[in-house]
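Peer 1: sequence first, predicted coordinates after that:
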Amino acid sequence: MSDLKSGSNLEKVLKAGHFAFTGECGPPKGANVEHLKEKVAHLKGMVDAVNVTDNQTAVVRMSSWAASTIMLQEGVEPNFQMVCRDRNRLAMMSDILGVSAMGIRNMLCLSGDHQRFGNHPQSKNVYDIDSMQLIALAKKMRDEGRFLNDEEIDVPPRLFIGAAANPFAEPHEFRPYRLAKKVEAGADFIQTQCIYNMDRFRAFMKRVVDMGIHEKCSILAGVTPMKSVGMAKYMGKMVPGMDVPDELIQRLQGAGKGKVAEEGIRFALEQIEEFREMEGVAGVHLMAIEWEHRVPEIAERAGMLPRPRV
Amino acid sequence: MIIADRKPLAELLEMIQDCDRILILGCKGCVTVCNVGGAKEVGILASALKIARKKEGRTLEVDERTLERQCDPEYIEQVKNEVGDYDAVISMACGVGPQFLSTAYPEQRFYPAVNTTSFGGAVQHGVWEERCAGCGQCVIHYFGGMCPIARCSKSLLNGPCGGSAGGKCEISKDVDCIWDMIVRKKTEQGRLEDLLDVKPPKSWDTARDGGPRRSVREELVQ
Ligand code: SF4
Ligand code: SF4
């Protein structure tokens, strides 16, 4: 297996040709290790790797590298997220070395939500480099064994490099190109924004396949089950770049009292079933936000279990 | 030009609360053009301060003057005989003005009357927008003549980010997504390929990050 870039479980699963399944877990708003361990326990054995968010929505939480390390100790593979909002290139490179040293093998490179949305809107943002440049930086450190300034690294990091794609953000026509750029920059895998508009996602994937991007990276389709009608409406209206079709909202409304969450899960399961067959899709990224305890059930019903041992 | 907004009256009143006699000093440069610190605004502020003081049952003596510029020692010189006659001086120039004044007249107190925000221009009557962040290494020609450093909320050189929707930036419906505009312009020009290679990290050493900047024109230095 010497041709592995990182040796992460996720990389091996994808390399072996399995349909990958990743989860997500937000670190606690505090040093509550027990709560984090509880959430992680729900995901153990259910997914191939778990994204650990980095001050998501610009709200301060336990650092993503620390939470990733705890996750690793619990026997679950983390996908360490890093945003460009909070670190300059020095901090990025030292954290990349740090996580690699701790045995973390996946890293997701993101721009990060603007701090205006978060709980410290007065803060200064960094954006020394952007997500594209962060991908290229991680690749350079790993493959060339050099820092951004070309100085040699004494034992380079080993990381499976990921990036995000939002097929629903605008301008739409440019999205496949931006994805192609991320792959060119060095992304090994891509996790998409939560998908609700299947028509638009199908059209997006068709472009991606026509451009041959899927052959150069593994694309994991983003799924977040809707828990309530309110959540669906909120996501559609308030989250920039999120597309929630009216039909889905109507379908959830039609489910009746006490049954909306089940309907949301059903929709997610239908999506996963279609993604399994969709050309260019190599897996699913399940973002069950604050719903970690439902992941085993979703994984089971989606036919994702047992997860491959590679 | 440099764009600024007037500070709230309450803040200015607070600054000069122990003063009975002040000078308000305007500037005929950028702040006149963006209608915040020229002779007209000096007059308006003078009246507003006097009225507010009157309501408190105190009087305030205010003189008004507007200099050609406040970013040039030559013009700063012009107030040398009178500047000491006041309890304090309020400068309505951008942040540069009160600094030049403070340096020239160390005995006097100078207060800024405006909050300097950005370099930009008028997009319609009464509305000014940022266009440049003074990064010290201009790159707008790569982006259809639009600056993503100043105008993208995340200064992305390889945008647009995933929050771009309806031509607006994720931070607010009042802010245009410059990357949406760049992509559209390049698409219309049939030159999308200009945006397809990965732009390398920018060197910020010419920006504020590299320390205070200084420009020297050797031929003019005596
Ligand atoms: S690239 Fe730099 S100098 Fe040019 S407009 Fe933008 S901030 Fe100003
Ligand atoms: S929405 Fe557009 S302007 Fe706003 S941060 Fe993203 S790319 Fe930049």
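Peer 2: Yep, it's here. Ligands and ions are numbered 1, 2, ... in the order given.
Peer 1: just the residues contacting the helix or strand where A:Ile265 lies, thanks.
Peer 2: Assigned by DSSP states H and E, A:Ile265 belongs to helix A:260-277. The contact list for helix A:260-277 (Cβ atoms under 8 Å, 6 or more residues apart in numbering or on different chains) reads A:19, A:195, A:198, A:221, A:223-229, A:232, A:248, A:251-255, A:281, A:284, A:286, A:294, A:297-298, A:301-302, A:304. For the C-beta atoms, the positions are set from N, CA and C on the backbone; glycine is no exception.
Peer 1: quick check, pLDDT for the residue in chain A that ligand 1 sits nearest to.
Peer 2: When scored by Cβ to the nearest ligand atom, chain A has A:Tyr127 as its residue closest to ligand 1, at 12.9 Å. What the model reports as pLDDT for A:Tyr127 is 98.
Peer 1: now A:Glu290
Peer 2: 88.
Peer 1: tell me the contacts of A:Arg87?
Peer 2: A:95, A:126, A:128.
Peer 1: going by residue numbers, what spans are strands in chain B?
Peer 2: B:2-6, B:21-27, B:61-67, B:88-91, B:110-112, B:114-124, B:127-132, B:168-169, B:172-176 (DSSP state E).
Peer 1: among those, which comes closest to A:Leu179?
Peer 2: Checking those against A:Leu179 by Cβ to Cβ gives strand B:168-169 as the closest, at 20.7 Å.
Peer 1: now do the closest one, average pLDDT.
Peer 2: 96.
Peer 1: next one: that strand to chain centre, how far?
Peer 2: Distance of strand B:168-169 from its chain centroid, counting by Cα atoms, centre = their mean, to the nearest Å, is 23 Å.
Peer 1: so how far is the helix ranked longest in chain B off the chain centroid?
Peer 2: As assigned by DSSP state H, the longest helix anywhere in chain B is helix B:39-55. Once both centres are worked out by Cα atoms, centre = their mean, helix B:39-55 turns out to sit 22 Å from its chain's centre.
Peer 1: and the contacts of it?
Peer 2: With contacts defined as Cβ under 8 Å, 6+ apart, helix B:39-55 is touched by B:6, B:9, B:12-13, B:16, B:22, B:24-26, B:28, B:31-32, B:35, B:59-60, B:62, B:64-66, B:90, B:92, B:113.
Peer 1: next: stretch B:182-199.
Peer 2: By Cβ under 8 Å, 6+ apart, stretch B:182-199 touches A:132-133, A:136, A:171, A:173-174, A:177, A:180-181, A:184-185, B:142-144, B:146, B:148, B:157-160.
Peer 1: so for the residue lying closest to B:Ala133 once chain neighbours are set aside, what's the pLDDT?
Peer 2: Leaving aside its sequence neighbours, B:Ala133 sits nearest to B:Ala150 (Cβ to Cβ, 6 or more residues apart in numbering or on different chains; 3.9 Å). At B:Ala150, the pLDDT value in this model is 98.
Peer 1: run through the residues that contact the residue in chain A that ligand 2 sits nearest to.
Peer 2: Residue nearest to ligand 2 within chain A: A:His114 (6.2 Å; Cβ to the nearest ligand atom). The neighbours of A:His114, taking Cβ under 8 Å, 6+ apart as the test, are A:58, A:85, A:125, B:153-154, B:163, B:170-171.
Peer 1: same check on A:Asn166?
Peer 2: A:175, A:192-193, A:241, B:162.
Peer 1: let's see 6 Å
Peer 2: A:193, A:241, B:162 (Cβ atoms under 6 Å, 6 or more residues apart in numbering or on different chains).
Peer 1: what is the subsequent helix or strand relative to the worst-scoring helix or strand of chain A on mean pLDDT?
Peer 2: Using mean pLDDT, DSSP states H and E, the weakest-scoring helix or strand in chain A turns out to be helix A:229-238, at a mean of 94. Going down the chain from helix A:229-238, the next helix or strand is helix A:246-254, by DSSP H and E.
Peer 1: show me which parts of the longest helix of chain B are buried, residue by residue.
Peer 2: B:39, B:41-42, B:45-46, B:49, B:53 (16 or more other Cβ atoms under 10 Å in any protein chain shown).
Peer 1: adding distance to A:Leu110 and pLDDT, write these out as JSON lines.
Peer 2: What follows is these, written out as JSON lines (distance: Cβ to Cβ, whole Å; pLDDT from 0 to 100):
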{"residue": "B:Ala39", "distance to A:Leu110": "50", "pLDDT": "98"}
{"residue": "B:Glu41", "distance to A:Leu110": "44", "pLDDT": "98"}
{"residue": "B:Val42", "distance to A:Leu110": "48", "pLDDT": "98"}
{"residue": "B:Leu45", "distance to A:Leu110": "46", "pLDDT": "98"}
{"residue": "B:Ala46", "distance to A:Leu110": "51", "pLDDT": "98"}
{"residue": "B:Leu49", "distance to A:Leu110": "49", "pLDDT": "98"}
{"residue": "B:Arg53", "distance to A:Leu110": "53", "pLDDT": "97"}
